[in-house]
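Participant: The following block contains a protein sequence and its predicted model.
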Amino acid sequence: MEFILRINFSAPDSPKVSKEPIGGYAGLGGRGLTSAIISKEVHPLSHPLGAENKLVIAPGMLSGTAAVMSGRLSIGCKSPLTGGIKEANSGGQAAQVLARLGYAAIVLEGKPAGDDLYKIYISKDKVEVEKDNSLKMLPNYDLIEKMKGIYGDKIACLSIGTAGEMKMSAATIACTDMEVRPTRHAGRGGVGAVMGSKGVKVIILEDKGLSNRTPKDPEKFKAANKVFTDGLKKHPVTGEALPAYGTNVLANILNEAGGYPTNNFSSGTFAGTSKISGETQAELEVKRGGLATHGCHRGCVIQCSGTYNDKNGKFLTKQPEYETVWAHGANCGIDDLDSIAMMDFLDDNYGIDTIEMGATIAVAMEAGIAKFGDAAAAINLIKEVGKGTPMGRILGNGTAFTAKAFGIERAPVVKGQAMPAYDPRAVQGIGVTYATTTMGADHTSGYAVATNILKVGGFVDPLKPDGQIELSRNLQIATAAIDATGMCLFIAFAILDQPETFQALIDLLNSFYGLNLTGDDVVALGKKILKMEREFNAGAGFTKEHDRLPRYFYTEKLPPHNVTFNVTDKELDQVFNW
């Protein structure tokens with residue numbers, strides 16, 4: 001990956017395509033590269049939907065290689081949802097294909113003068129940027145079918161649905177999976193709105209005639225890959241629980257821990273959890289001829305995804321993830337998997353973040369727009385977003401926006417972004433991450449649930465503030481580094497518990513690039529990325545006072561433990577004091 005592909009939509013001969021050496025960004029990939037480019041090239045006070053913002057699409061350092069789990073893609077920009085720096089991460093095939101094409105990043109720059117839509121086709125032989133207004137307001141599934149009809153089914157696509165075209169702050173960028181379906185999403189922070197602001201509807205990637213990237217030391221790389229794979233397969237989370245029941249295996253676990261947010265974070269347990277759990281979901285998927293175990297990209301050995309068929313045995317959506325099932329399920333008081341799966345399909349089709357959408361609907365329910373538990377009403381609200389009605393425009397701009405529109409105090413957001421499926425009062429470590437991460441409320445930035453609840457990498461009592469700062473700090477550093485490699489974050493379960501698996505990851509990097517990295521170097525990379533992101537956010541006006549949870553988490557006791565968030569502001573201010 002020696003080149004950066006830039007496409008400037010403000011150039012006099014717009015759009016201008018240029019291919020340049022990676023230069024000063026060498027040695028970075030994934031989130032490391034997206035955050036480096038955004039922090040260096042985008043003015044922190046620029047408007048997220050303006051010409052000064054950039055959208056950076058970057059595979060990881062190991063993407064496009066034979067390394068297992070290396071197919072994650074980072075997409076970065078200034079976020080229209082948070083106003084700060086953003087990296088949204090996705091599975092699917094795009095990262096592997098883009099890396100094999102030799103690009104460390106695609107950078108979309110500037111802004112077209114009119115309202116034309118563009119499609120971008122990239123192969124080993126050419127880059128074509130073509131105006132195509134026939135794509136306007138196509139939802140993702142119809143769009144990808146049209147692209148397959150033109151380019152065949154050996155492609156990978158990145159696309160926006162109607163929400164992205166309408167520049168809604170909850171809009172995603174869809175990445176096609178192994179079956180060329182738009183089921184994997186760079187979901188958080190409104191990256192789809194930024195792609196829409198550039199006038200880009202779809203990017204088609206084709207790597208025909210290309211093979212995997214070649215390591216400097218093939219034998220050592222192969223040996224490290226085997227050790228790494230074996231470690232993932234023997235760990236109880238990555239080798240047993242996730243393949244059997246998908247990410248939604250967490251539903252029963254978090255409900256039992258009293259940290260499963262219900263009815264807009266008003267309780268930590270949901271009476272209908274057993275009806276929407278990973279165990280129930282997997283059983284139903286198999287019964288209907290779907291799959292309970294499936295990968296989101298080639299080279300995945302954890303296989304935590306699946307396929308969800310409707311009552312007639314017809315494909316409806318990919319296996320709804322834990323966060324999606326929670327957001328549209330427990331958080332809205334809904335215990336019907338078919339309704340949740342339909343909402344997942346609609347979110348993917350329109351290009352909306354399932355976490356943000358579920359949290360938004362729950363706030364709307366608290367406002368009396370619909371009743372908690374009314375699945376039909378929730379489905380109709382998502383359709384309003386897809387059509388861009390006045391109500392849809394409000395909901396499509398996220399939880400904080402919707403709470404303001406309807407005068408609701410209890411908006412579970414940090415820096416404008418909705419909290420995922422873990423109540424910070426019952427899982428205090430994730431509360432620290434929500435409060436302090438550069439990304440707004442984001443569980444993947446420092447997944448303290450692993451240690452608080454699953455007892456991976458040790459145990460820190462989830463109901464007490466003790467040890468949570470150090471836990472979140474270390475996980476945020478490690479996560480930033482993992483995001484730079486292109487590895488799936490779920491490898492963290494194994495590398496936290498198995499020193500030999502962590503060493504194998506380092507050996508993969510060393511043997512591929514001819515380096516001599518140590519564990520300390522990985523930590524240094526994570527710190528470097530976080531430093532860049534925090535400096536950008538400071539320039540955008542963020543202060544330590546923004547590293548806080550909403551006040552009601554400190555004052556409202558959460559049943560069943562009847563606890564509040566007890567980590568002090570003084571402690572929160574110490575997270576990045578390394």
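Facilitator: Looks like it came in fine.

Participant: contacting residues for the nearest residue to residue 228 once chain neighbours are set aside?
Facilitator: Using CB to CB, 6 or more residues apart in numbering and skipping the chain neighbours, the partner closest in space to residue 228 is residue 504 (3.9 Å). Where you see a C-beta, it was placed from the backbone N, CA and C, and this is true even at glycine. Counting by CB atoms under 8 Å, 6 or more residues apart in numbering, residue 504 makes contact with 224-225, 227-228, 231.

Participant: and residue 504, that's in a helix?
Facilitator: Yes: membership of residue 504 in a helix is supported by DSSP: H, G, I helix; E, B strand; the rest coil.

Participant: Would you mind measuring from it to residue 231?
Facilitator: Separation of residue 504 from residue 231 (CB to CB, to the nearest Å): 6 Å.

Participant: need the helices for the stretch 51-200 of the chain, in chain order.
Facilitator: Counting by DSSP state H, counting those that start in this stretch, the segments of the stretch 51-200 of the chain that form helices are 94-100, 140-151, 162-165, 191-197.

Participant: again, but for the stretch 251-400 of the chain
Facilitator: Along the stretch 251-400 of the chain, counting by DSSP H, counting those that start in this stretch, helices occupy 273-276, 278-287, 322-328, 337-350, 354-366, 375-387, 390-395, 399-406.

Participant: right, and those helices - which one's nearest residue 16?
Facilitator: Relative to residue 16, the nearest member of those by CB to CB is helix 337-350, separated by 30.9 Å.

Participant: The closest one packs against which elements?
Facilitator: helix 140-151, helix 273-276, helix 278-287, strand 315-318, helix 322-328, helix 354-366, helix 375-387 (3 or more CB pairs under 8 Å, 6 or more residues apart in numbering; DSSP states H and E).

Participant: Which neighbouring elements make contact with the fifth one?
Facilitator: Going back to what we said before, that points to helix 322-328. Using 3+ CB pairs under 8 Å, 6+ apart, helix 322-328 is in contact with helix 250-256, helix 337-350, helix 354-366.

Participant: what residues go with each domain of the chain?
Facilitator: Here the domain parsing of the chain from automatic domain parsing is 3-205, 260-422.

Participant: Would you format the ones you listed as a markdown table with mean neighbour count included?
Facilitator: Shown next, in a markdown table, are the domains of the chain (neighbours: other CB atoms under 10 Å):
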| stretch | mean neighbour count |
| --- | --- |
| domain 3-205 | 23 |
| domain 260-422 | 22 |
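
Participant: Please render the ones you listed as CSV that adds mean pLDDT to the earlier fields.
Facilitator: Listed next are the domains of the chain as CSV, based on pLDDT from 0 to 100:
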stretch, mean pLDDT
domain 3-205, 97
domain 260-422, 97
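
Participant: Of all the ones you listed, which one comes closest to residue 486?
Facilitator: For the domains of the chain, proximity to residue 486 was assessed by CB to CB; domain 3-205 is nearest, at 1.6 Å.

Participant: still on that earlier bit, distance to residue 473 for the helices and strands packed on helix 322-328 - can I get that in JSON lines?
Facilitator: Output for the helices and strands packed on helix 322-328, formatted as JSON lines (distance: least, CB to CB, whole Å):
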{"stretch": "helix 250-256", "distance to residue 473": "23"}
{"stretch": "helix 337-350", "distance to residue 473": "32"}
{"stretch": "helix 354-366", "distance to residue 473": "24"}
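
Participant: from memory residue 431 sits against residue 419, does it?
Facilitator: No: counting by CB atoms under 8 Å, residue 431 stays clear of residue 419, with 9.0 Å between them.

Participant: rewinding a little: format the helices and strands packed on helix 337-350 as a markdown table; extra columns: distance to residue 167.
Facilitator: Converted to a markdown table, the helices and strands packed on helix 337-350 look like this (distance: least, CB to CB, whole Å):
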| stretch | distance to residue 167 |
| --- | --- |
| helix 140-151 | 16 |
| helix 273-276 | 32 |
| helix 278-287 | 33 |
| strand 315-318 | 25 |
| helix 322-328 | 22 |
| helix 354-366 | 15 |
| helix 375-387 | 13 |
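
Participant: still on that earlier bit, with distance to residue 458 added, can I get the domains of the chain in a markdown table?
Facilitator: Converted to a markdown table, those look like this (distance: least, CB to CB, whole Å):
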| stretch | distance to residue 458 |
| --- | --- |
| domain 3-205 | 23 |
| domain 260-422 | 18 |
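
Participant: quick one: the strands in the stretch 51-200 of the chain?
Facilitator: All strands of the stretch 51-200 of the chain, identified by DSSP state E, counting those that start in this stretch, fall at 55-59, 73-78, 85-90, 103-109, 118-122, 127-131, 156-159, 173-175, 184-186, 200-205.

Participant: For those strands, give me a markdown table that also has distance to residue 476.
Facilitator: Below are these laid out as a markdown table (distance: least, CB to CB, whole Å):
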| stretch | distance to residue 476 |
| --- | --- |
| strand 55-59 | 20 |
| strand 73-78 | 16 |
| strand 85-90 | 12 |
| strand 103-109 | 23 |
| strand 118-122 | 33 |
| strand 127-131 | 36 |
| strand 156-159 | 27 |
| strand 173-175 | 24 |
| strand 184-186 | 19 |
| strand 200-205 | 30 |
